[in-house]
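Q: Prediction below, plus the sequence it came from.
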Amino acid sequence: MKRLLIGIALIGLLLAVGCVPSPEVSENTLGVTPIDDGTYTAGIIYTEDAGMPYLEEGFGIKGSDVTFDGVYAGYSATIPVTLVNGQDRDRMFWLSVRIPSKVTDGYEPIPYECLDWIVIPEPSASLSVGEVYQVPVSLVIPEGLELDGEQYEARVLVENTDQKGLVQIAVDMKWFIIVR
């Protein structure tokens with residue numbers, strides 16, 4: 001009964017505040033030039049929204065999917081994760097890597113022992129109201145591994161550490177890693 005009352009109160013609050021839908025955005029597939037040691041040969045596809053996310057309040061990330069196609073042992077590349085702070089208050093963000101509980105068809109969750117392939121040198125960022133900030137996140141596959149046709153999916157999770165209360169919101173990017 002208590003959960004039902006909380007649910008009804010939450011729905012009433014959302015209706016009272018008003019839920020404004022975001023405008024539609026199209027997706028473009030852009031090539032991103034990685035920051036690496038010059039040995040880059042694999043293709044990176046960075047799927048991102050046209051322009052910056054529309055945010056009257058809250059937070060978001062620009063881009064949703066990154067595909068590393070044709071990686072190999074010794075491969076490295078860096079992709080910027082663009083954080084967007086909406087127009088309501090300063091926020092502190094924390095970035096981390098997660099194994100997805102549900103993956104896209106044709107992929108398997110990145111194994112736990114491979115999570116350290118995704119490197120976030122500066123996992124926290126403080127953004128002022130309306131600020132946009134890029135956090136470099138790298139895929140670094142160690143030398144000497146025997147890889148053969150694996151297709152992994154990982155998530156780069158962005159959390160607002162200032163949130164309080166029962167409902168906590170986070171956003172994430174899907175990272176697809178395809179070994180050729």
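A: Perfect, thanks for sending it.
Q: which stretches of the chain form helices?
A: 2-17 (DSSP state H).
Q: Point out where it drops to low pLDDT.
A: For the chain, applying pLDDT under 70 flags the ranges 1-59, 62-64, 87, 165, 167-168.
Q: what do you get if the cut-off is 90, keeping everything else the same?
A: By pLDDT under 90, the weakly predicted segments of the chain are 1-67, 70, 78-94, 127-135, 145-149, 157-174, 179-180.
Q: Please enumerate the strands of it.
A: Ranges of strands in the chain, per DSSP state E, are 27-31, 43-49, 59-62, 65-71, 76-85, 91-98, 108-109, 118-119, 124-127, 132-140, 151-160, 170-179.
Q: would TSV of those strands with mean neighbour count be doable?
A: For the C-beta atoms, the positions are set from N, CA and C on the backbone; glycine is no exception. Shown next, in TSV, are those (neighbours: other C-beta atoms under 10 Å):
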stretch	mean neighbour count
strand 27-31	11
strand 43-49	17
strand 59-62	20
strand 65-71	19
strand 76-85	20
strand 91-98	18
strand 108-109	14
strand 118-119	18
strand 124-127	15
strand 132-140	16
strand 151-160	20
strand 170-179	20
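Q: Show the end-to-end separation of stretch 68-82, please.
A: One end of stretch 68-82 to the other measures 18 Å (C-alpha to C-alpha, to the nearest Å).
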